[in-house]
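> Structural data only, the sequence is not supplied:
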């Protein structure tokens with residue numbers, strides 16, 4: 001006998017199944033939302049971390065470009081007992097809102113430095129969304145320019161008149177304190193020849209009374225003087241030195257007026273305005289020189305004359321490295337402390353021209369490499385050369401660009 005099903009006992013199953021289905025669907029939807037949220041957060045974190053890395057790389061670039069080489073090279077070496085370091089304050093990455101970096105620089109030895117930068121992606125309220133720290137080892141590369149004479153030439157110099165002095169005895173520039181460089185040796189160990197040439201110096205017997213040096217006043221036919229002497233320097237060439245960031249370019253062949261130190265009066269206290277195109281530092285010291293702008297005493301730029309002839313009006317002064325592609329003409333009252341490298345002919349006339357450091361003039365295919373007349377003084381100064389070369393130093397990263405710390 002067939003038993004008929006009790007339909008009353010199955011009442012409510014449809015509701016149960018519906019509710020169960022809704023629960024399953026809700027779980028699936030919630031899971032999908034959860035996974036999407038995780039992916040969104042993960043993606044945002046990846047983007048923020050990448051942006052923080054970009055901020056950190058910007059900080060490394062800032063440390064390599066915006067910090068003067070002189071600042072690096074005057075730092076004391078870091079040690080656990082003397083943990084001195086240069087702090088880099090929190091800085092906004094230009095044109096990238098929400099990206100900032102900060103860090104520090106440590107000096108490890110004579111030429112090796114450690115740059116540690118922390119880059120951050122920051123929300124408008126100041127909350128840190130992403131952070132990344134990079135470490136970079138940099139070496140301060142300085143041009144090694146062989147200077148063993150007050151004046152080094154390839155072709156002979158023509159001297160007009162007897163009101164000049166070329167002196168190879170090492171001396172400090174006027175009023176410079178002994179603390180600016182190593183003290184001048186009382187003996188002859190740091191003195192050099194007055195004039196050194198790859199051919200003849202051009203100095204006659206009447207000129208020798210105005211030329212001084214050790215172990216000789218002049219050296220003729222020096223085989224070590226070649227074109228590389230004026231173009232190839234350790235870690236640098238003439239062209240790479242001229243293309244460094246911050247080089248002051250002088251493209252005109254007309255005389256430059258108003259060359260001298262400039263103050264940025266918008267800062268309190270006022271600072272040396274290194275952006276001024278004709279500010280080439282301050283070779284004078286105060287006291288005793290009245291009017292010396294001491295804020296520019298530590299500024300030793302590289303200046304590059306690219307015209308067929310580079311001229312300076314009377315009263316021009318500066319310090320650092322002066323590179324001249326063509327000829328150079330000084331007509332009086334020009335004072336320079338550091339190195340002058342001229343690829344063409346150098347003419348010095350008039351009165352009041354004073355150069356402390358050294359002159360190298362190649363004179364390629366020029367019958368007279370330099371014409372020196374009037375009242376001019378050229379004094380060899382190892383201190384001035386050291387300061388000028390330090391001003392041209394630049395940080396170079398070792399091996400790969402950087403290492404991620406965390």
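Happy to help now that I have it. All values reported here derive from a predicted model rather than from experimental measurement.

> All the strands of the stretch 201-350 of the chain, in order from the start?
In the stretch 201-350 of the chain, the strands defined using DSSP state E, counting those that start in this stretch lie at 211-212, 218-219, 232-233, 236-237, 248-250, 263-264, 271-272, 302-305, 309-312, 317-324, 327-330, 335-342, 346-348.

> Give me the below-cutoff pLDDT ranges for this structure.
1-13, 41, 178, 363-370, 373-374, 399-406 (pLDDT under 70).

> Mind putting the strands of the stretch 201-350 of the chain into JSON lines with distance to residue 284 and mean neighbour count?
No exception for glycine: its C-beta is placed from N, CA and C like everyone else's. Listed next are the strands of the stretch 201-350 of the chain as JSON lines, based on distance: least, C-beta to C-beta, whole Å; neighbours: other C-beta atoms under 10 Å:
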{"stretch": "strand 211-212", "distance to residue 284": "24", "mean neighbour count": "20"}
{"stretch": "strand 218-219", "distance to residue 284": "31", "mean neighbour count": "22"}
{"stretch": "strand 232-233", "distance to residue 284": "28", "mean neighbour count": "18"}
{"stretch": "strand 236-237", "distance to residue 284": "28", "mean neighbour count": "18"}
{"stretch": "strand 248-250", "distance to residue 284": "19", "mean neighbour count": "19"}
{"stretch": "strand 263-264", "distance to residue 284": "14", "mean neighbour count": "15"}
{"stretch": "strand 271-272", "distance to residue 284": "13", "mean neighbour count": "18"}
{"stretch": "strand 302-305", "distance to residue 284": "17", "mean neighbour count": "24"}
{"stretch": "strand 309-312", "distance to residue 284": "16", "mean neighbour count": "23"}
{"stretch": "strand 317-324", "distance to residue 284": "7", "mean neighbour count": "26"}
{"stretch": "strand 327-330", "distance to residue 284": "18", "mean neighbour count": "24"}
{"stretch": "strand 335-342", "distance to residue 284": "8", "mean neighbour count": "26"}
{"stretch": "strand 346-348", "distance to residue 284": "20", "mean neighbour count": "23"}
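
> how far does stretch 322-339 stretch from start to finish?
In stretch 322-339, first residue to last residue: 6 Å (C-alpha to C-alpha, to the nearest Å).

> Stretch 67-80 too?
24 Å.

> what's it in contact with?
82, 84-86, 105-109, 113-114, 140, 142, 298, 300, 390-395 (C-beta atoms under 8 Å, 6 or more residues apart in numbering).

> how about that stretch: buried residues?
For stretch 67-80, the neighbour count (16 or more other C-beta atoms under 10 Å) marks 67, 68, 69, 72, 73, 78 as buried.

> quick revisit: among the contacts of stretch 67-80, which are located in helices?
390, 391 (DSSP state H).

> Put the buried members of the contacts of stretch 67-80 into a PyMOL selection.
Filtering the contacts of stretch 67-80 down to the buried ones (16+ other C-beta under 10 Å) takes a single PyMOL command:
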select buried, resi 85+86+105+106+107+113+140+142+298+300+390+391+392+393+394+395
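
> out of the contacts of stretch 67-80, which are inside strands?
Among those, the ones falling in strands (DSSP state E) are 86, 105, 106, 107, 113, 114, 140, 394, 395.

> Identify the farthest-apart pair in those residues.
Spanning the widest gap among the ones in strands among the contacts of stretch 67-80 are 106 and 394, at 18.4 Å by C-beta to C-beta.

> re the thing from before, dump the strands of the stretch 201-350 of the chain into TSV; add distance to residue 24 as well.
Output for those, formatted as TSV (distance: least, C-beta to C-beta, whole Å):
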stretch	distance to residue 24
strand 211-212	101
strand 218-219	98
strand 232-233	77
strand 236-237	73
strand 248-250	74
strand 263-264	72
strand 271-272	72
strand 302-305	75
strand 309-312	85
strand 317-324	79
strand 327-330	88
strand 335-342	83
strand 346-348	92
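
> Nearest to residue 196, out of the ones you listed?
strand 218-219 (4.6 Å).

> Tell me where the stretch 101-250 of the chain has helices.
Along the stretch 101-250 of the chain, counting by DSSP state H, counting those that start in this stretch, helices occupy 238-242.

> before we move on, the earlier item: among the strands of the stretch 201-350 of the chain, single out whichever gets nearest to residue 62.
Closest among those, using C-beta to C-beta: strand 271-272, at 18.2 Å.

> Surely residue 218 touches residue 199?
No - in terms of C-beta atoms under 8 Å, residue 218 does not count as a neighbour of residue 199; the distance is 11.8 Å.

> Distance check, the closest residue to residue 86 other than its chain neighbours against residue 134.
Computed as C-beta to C-beta, 6 or more residues apart in numbering, the closest residue to residue 86 that is not its neighbour in sequence is residue 105, at 4.2 Å. Separation of residue 105 from residue 134 (C-beta to C-beta, to the nearest Å): 13 Å.

> list the residues that contact both of the two?
With C-beta under 8 Å, 6+ apart, residue 105 and residue 134 have common neighbours residue 116.

> what about the longest helix belonging to the chain, distance to the chain center?
In terms of residue count, the longest helix belonging to the chain (DSSP H) is helix 13-65. Remark: helix 13-65 is offset 45 Å from the chain centroid, using C-alpha atoms, centre = their mean, to the nearest Å.

> How about stretch 134-150?
For stretch 134-150, the distance to the chain centre is 11 Å (C-alpha atoms, centre = their mean).

> can you check stretch 259-279 too?
The answer for stretch 259-279 is 18 Å, by C-alpha atoms, centre = their mean.

> ditto for stretch 274-286
16 Å.

> Same check on stretch 111-122?
18 Å.

> got the buried residues for that stretch?
Those would be 111, 113, 115, 116, 117, 118, 119, 120, 121, 122, for stretch 111-122 by 16+ other C-beta under 10 Å.

> Fine by me, we can end here.
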